[in-house]
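Engineer: Return a 3D structure for these sequence lines:
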Amino acid sequence: MRINLIYISLLIISCTKDYNEIGNNFLNDNIIDTEIEYFDVIVNQKLIPPFKSSSLPAYQLGEISDGLFGKRKSFFVTQLQPESFNPSFGMFSQEQEISDNSDDMTIIEENETIKEVYIEIPFYNNTYDTDGDGVIDSLDLDPNDINSDSDGDGISDIDERRNGTDPLNIDTDNDGILDDEDTETINPNIESTVYDIDSLIGNINSNFKIKIQELDYFLADFDSDNNFETVKKYYSNDSFIESFAGDILFDDEVEININEVVIYDVDNPDTEEVDESLDVIERLSPRLKIPLDKDFFQSKIIQNEGSSDLLNNENFNKFFKGIIIKAYDFSEPLLLILDYGKASINIKYEYDKYNKNGTDDDTNDDTIDKEIDIFSLNLLGNQINIFENDAVSNEINQNVLSSSENLQRVFLKGGEGLMAEIDLFKDVNGNDIVDEIKSNGWLINEANLTFYVDKQKVNQNSVLYEPERLFLYNINSKLPIIDYFLDNSQGQKPNENKVIHSGLIQLDEDNNGVKYKIRISEHVKNIIRNDSINEKLGLVVSSDISNFLNTDLKNSDGLKYIPVSSAVNPLGTVIYGPNPEESNSDKKIKLELYYTKLND
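Structural biologist: Numbers count the residues shown, from 1 in each chain. Sure, this is the predicted structure:
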């Protein structure tokens with residue numbers, strides 16, 4: 001229990017005159033009481049309809065499934081943008097190649113030919129190392145102790161970092177002598193980075209296929225139905241787009257590799273004493289790397305050098321409208337949330353280059369050599385996530401139809417999922433009780449909304465991944481409540497900031513969710529003391545509440561918007577409602593109000 005020392009100080013200051021006159025008996029134990037009061041809240045279950053799924057901060061690919069919310073599949077549609085417009089492949093433009101260049105014999109037809117095309121899409125990842133001992137938190141035996149020994153070789157993680165040995169390998173150089181005995185260990189991976197991949201939900205060893213196709217549907221920027229005066233909106237249920245899938249660029253099984261990608265140099269046959277293929281030229285974060293159809297890009301891109309189709313972005317998007325990426329045929333559910341902002345299609349091609357070999361006046365040693373270059377198409381422009389969802393269960397549907405006083409549980413799920421609408425300071429008949437609370441003359445110290453997880457329901461339905469956070473916002477203003485803006489506290493990770501306002505999941509010893517608590521002290525004070533309007537609040541699952549922007553809902557008579565952080569979150573949970581069974585009455589949704597009052 002907390003006592004607000006600021007209010008106590010103000011009371012003491014305001015009563016200084018009386019204190020001097022009356023004496024030391026003023027502050028006896030009967031004058032001030034600090035207490036806690038619990039209030040019921042009105043809660044209604046709401047379905048989240050399809051939402052505007054373009055211009056999102058993250059996109060999903062694949063499927064997720066559990067016994068509670070069923071299966072949800074998702075695929076991704078994107079436009080493309082060349083790294084440069086009106087490009088010249090090779091040394092010279094197509095116009096230069098085909099013109100009469102008798103004055104410059106180095107300008108030749110370059111015969112650009114694709115050797116390889118592949119799409120690269122990085123995973124979202126992190127390298128959080130809270131204690132700075134060289135081991136990322138997800139692999140650290142104790143992320144808060146630099147002296148923990150994560151590989152159990154008798155040497156602490158921090159000492160291994162100092163020694164240059166691998167804190168996750170008991171035999172760093174694999175010579176058969178363990179690190180605690182080896183006096184000549186050389187770490188072959190000293191420059192490598194270990195990543196925590198936090199964007200794969202499900203079994204990463206699942207077998208599945210990916211199909212990538214050309215898009216034959218133009219994703220316009222502006223809405224023709226509104227005389228092109230408003231931005232065109234694309235929604236999460238716009239599955240018709242899939243019927244515009246064209247040429248297949250790839251369709252095969254892929255594997256997930258969560259290790260760092262190391263790119264080595266090519267050996268130079270002229271330097272027999274040196275093997276350049278052992279030299280690392282680049283290290284990349286873990287990613288999908290998928291080969292694409294070379295003939296398609298030879299015809300579509302390379303042979304269109306000098307064409308107006310590659311002149312500017314508008315022309316290009318009408319010529320090459322984009323691609324559709326779909327994952328399917330999973331042995332086990334797996335959802336991939338990929339970093340499309342850093343993705344690209346890389347076209348590796350060779351071309352002929354006239355080489356004078358340093359003798360401008362002697363053509364006898366001139367050669368035509370093969371050179372290699374790469375041209376990239378970035379995944380930019382209009383991008384859409386499209387979902388296919390199982391119908392909600394009868395239990396969930398009944399919840400949506402039920403009144404607040406009958407809700408035993410509340411289901412929460414991101415995307416086209418479920419949310420809760422919350423009314424504070426209302427009685428069972430919906431009447432406002434704010435004036436009644438004001439009449440008590442309480443000084444509000446702290447206010448919290450606590451939401452207990454129905455662990456039995458979650459476990460019975462194989463909900464393996466619980467949302468890390470719940471997010472509370474004003475439905476009318478579409479903004480977080482004032483406590484959000486006043487909380488500058490920092491968490492161990494960026495998505496854990498605002499730890500006082502919180503909403504972060506609290507776990508038991510088995511890492512199962514117990515409850516979520518959201519502090520709303522300033523919000524409540526504004527209602528009680530400053531006559532702020534007591535408006536309805538929305539409660540949704542979230543992953544990172546630093547983004548509190550909203551996205552539009554489609555054809556909705558009630559809700560008009562949903563927080564983007566919830567739209568991109570695929571997870572769900574169950575919390576006890578305002579009227580659970582008697583055995584769980586202590587876990588009902590409730591408002592906790594800590595206050596100080598002066599006794600008469």
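Engineer: Would you map out the domains in this protein?
Structural biologist: Domain segmentation of the chain under automatic domain parsing yields 12-51+392-598, 75-124+198-257+286-357+364-385, 134-189.
Engineer: tell me the mean pLDDT over the second one?
Structural biologist: In this case it means domain 75-124+198-257+286-357+364-385. The predicted model gives domain 75-124+198-257+286-357+364-385 an average pLDDT of 94.
Engineer: mind listing what's buried in stretch 349-366?
Structural biologist: Buried residues in stretch 349-366, counted by 16 or more other C-beta atoms under 10 Å: 349-353. The way it works is simple: take the backbone N, C-alpha and C, and place the C-beta from them, glycine included.
Engineer: Redo those residues as TSV? Include distance to Asp180.
Structural biologist: Output for these, formatted as TSV (distance: C-beta to C-beta, whole Å):
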residue	distance to Asp180
Tyr349	52
Glu350	51
Tyr351	55
Asp352	58
Lys353	56
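Engineer: Columns distance to Asp275 on top of the domains of the chain, output as a markdown table?
Structural biologist: Putting those into a markdown table (distance: least, C-beta to C-beta, whole Å) gives the following:
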| stretch | distance to Asp275 |
| --- | --- |
| domain 12-51+392-598 | 42 |
| domain 75-124+198-257+286-357+364-385 | 20 |
| domain 134-189 | 15 |
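Engineer: Which among those is found nearest to Val280?
Structural biologist: Evaluated over the domains of the chain, closeness to Val280 peaks at domain 134-189, with 10.4 Å, by C-beta to C-beta.
Engineer: Next, the distance between the ends of that closest one.
Structural biologist: In domain 134-189, first residue to last residue: 13 Å (C-alpha to C-alpha, to the nearest Å).
Engineer: For Phe85, which three-state class applies?
Structural biologist: Local secondary structure at Phe85 is given as coil here, using DSSP: H, G, I helix; E, B strand; the rest coil.
Engineer: Might one say that it is in contact with Glu314?
Structural biologist: No: using C-beta atoms under 8 Å as the test, Phe85 is too far from Glu314 to be in contact (10.1 Å).
Engineer: More neighbours: these two, which one.
Structural biologist: Between Phe85 and Glu314, counting by other C-beta atoms under 10 Å, Phe85 is the more crowded of the two (12 against 9).
Engineer: For the closest residue to the more buried one other than its chain neighbours, the count of nearby residues, please.
Structural biologist: Spatial nearest neighbour of Phe85, chain neighbours left out: Asn312 (5.4 Å); criterion: C-beta to C-beta, 6 or more residues apart in numbering. Neighbours of Asn312 under the rule other C-beta under 10 Å: 12.
Engineer: Quick check: the gap between the closest residue to Glu214 other than its chain neighbours and Ile384.
Structural biologist: Setting aside the residues directly before and after it, Glu214 is nearest to Gly246 in space (C-beta to C-beta, 6+ apart), at 4.0 Å. With distances taken as C-beta to C-beta, to the nearest Å, Gly246 is found 16 Å from Ile384.
Engineer: between the two, which one's more packed in?
Structural biologist: Residue environment comparison for Gly246 versus Ile384 gives the larger neighbour count to Ile384, 23 against 14, counting by other C-beta under 10 Å.
Engineer: Could you export stretch 88-107 as CSV, CA atoms only?
Structural biologist: C-alpha atoms of stretch 88-107 as CSV (Å, rounded to 0.1, in the frame of the first residue of the first chain):
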residue,chain,number,x,y,z
SER,A,88,22.0,1.6,-67.1
PHE,A,89,23.0,-2.1,-66.7
GLY,A,90,26.7,-2.5,-67.2
MET,A,91,28.9,0.5,-68.1
PHE,A,92,26.7,2.1,-70.7
SER,A,93,23.1,2.9,-71.4
GLN,A,94,21.2,0.9,-74.0
GLU,A,95,21.1,4.0,-76.2
GLN,A,96,24.9,4.2,-76.1
GLU,A,97,25.3,0.5,-76.8
ILE,A,98,23.2,0.5,-80.0
SER,A,99,24.4,3.9,-81.4
ASP,A,100,27.3,4.3,-83.8
ASN,A,101,30.3,4.5,-81.5
SER,A,102,33.1,4.2,-84.0
ASP,A,103,35.0,6.9,-82.1
ASP,A,104,35.1,4.9,-78.9
MET,A,105,35.7,1.2,-79.4
THR,A,106,35.2,0.5,-75.6
ILE,A,107,31.4,1.1,-76.0
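Engineer: which parts of it are buried?
Structural biologist: Within stretch 88-107, the residues that qualify as buried are 88-94, 96-97, 107, counting by 16+ other C-beta under 10 Å.
Engineer: Farthest pair within the residues you listed?
Structural biologist: Using C-beta to C-beta, the pair of the buried residues of stretch 88-107 lying farthest apart is Phe89 and Ile107, separated by 14.0 Å.
Engineer: now the helices: where do they sit in the stretch 351-500 of the chain?
Structural biologist: In chain order, the stretch 351-500 of the chain shows helices spanning 394-401, 434-438, 455-460, 482-486, with DSSP state H, counting those that start in this stretch as the criterion.
Engineer: Quick one: mean pLDDT over the last one.
Structural biologist: Okay, so that is helix 482-486. Along helix 482-486, the predicted local confidence has a mean pLDDT of 96.
Engineer: How far does that helix sit from its chain's centre?
Structural biologist: 22 Å (C-alpha atoms, centre = their mean, to the nearest Å).
Engineer: Helix or strand next in line after it, which one?
Structural biologist: Heading C-terminal from helix 482-486, the first helix or strand you meet, by DSSP states H and E, is strand 502-507.
Engineer: how far does the next helix or strand after that following strand sit from the chain's center?
Structural biologist: Stepping forward along the backbone from strand 502-507, the first helix or strand reached (DSSP H and E) is strand 513-519. A distance of 21 Å separates the centroid of the chain from that of strand 513-519, by C-alpha atoms, centre = their mean.
Engineer: Now the element after strand 513-519, going C-ward?
Structural biologist: On the C-terminal side of strand 513-519, the nearest following helix or strand under DSSP H and E is helix 521-529.
Engineer: ranges for the helices of the stretch 501-600 of the chain?
Structural biologist: Ranges of helices within the stretch 501-600 of the chain are 521-529, 564-567, based on DSSP H, counting those that start in this stretch.
Engineer: Output these as CSV; include the columns mean neighbour count, distance to Leu407 and mean pLDDT.
Structural biologist: Putting the helices of the stretch 501-600 of the chain into CSV (neighbours: other C-beta atoms under 10 Å; distance: least, C-beta to C-beta, whole Å; pLDDT from 0 to 100) gives the following:
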stretch, mean neighbour count, distance to Leu407, mean pLDDT
helix 521-529, 21, 22, 93
helix 564-567, 26, 20, 94
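Engineer: will you turn those into CSV that also has distance to Arg409?
Structural biologist: Rendered in CSV, the data for those read as follows (distance: least, C-beta to C-beta, whole Å):
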stretch, distance to Arg409
helix 521-529, 25
helix 564-567, 19
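Engineer: Show me what the helix or strand containing the residue nearest to Glu214 is packed up against.
Structural biologist: Secondary structure assigned from DSSP H and E places Gly246 in strand 245-254. On a contact count with 3 or more C-beta pairs under 8 Å, 6 or more residues apart in numbering; DSSP states H and E, strand 245-254 meets strand 208-215, strand 287-291.
Engineer: Enumerate the positions of the last one that are buried.
Structural biologist: So the one you mean is strand 287-291. For strand 287-291, using 16+ other C-beta under 10 Å, the buried residues are 287-288, 290.
Engineer: and what of stretch 150-165?
Structural biologist: Of the residues in stretch 150-165, those scored as buried under the neighbour-count criterion (16+ other C-beta under 10 Å) are 150-151, 153, 155-161, 165.
Engineer: Not counting its neighbours along the chain, what's nearest Ser542?
Structural biologist: Using C-beta to C-beta, 6+ apart and skipping residues adjacent in sequence, the residue nearest Ser542 is Phe471, 3.8 Å away.
Engineer: Show the contacting residues for the one you found.
Structural biologist: With contacts defined as C-beta atoms under 8 Å, 6 or more residues apart in numbering, Phe471 is in contact with 480, 503, 539-542, 545, 548, 563, 565-566.
Engineer: Give me the buried subset of those residues.
Structural biologist: Members of the contacts of Phe471 that pass the buried threshold by neighbour count (16+ other C-beta under 10 Å) are listed as 480, 503, 539-542, 545, 548, 563, 565-566.
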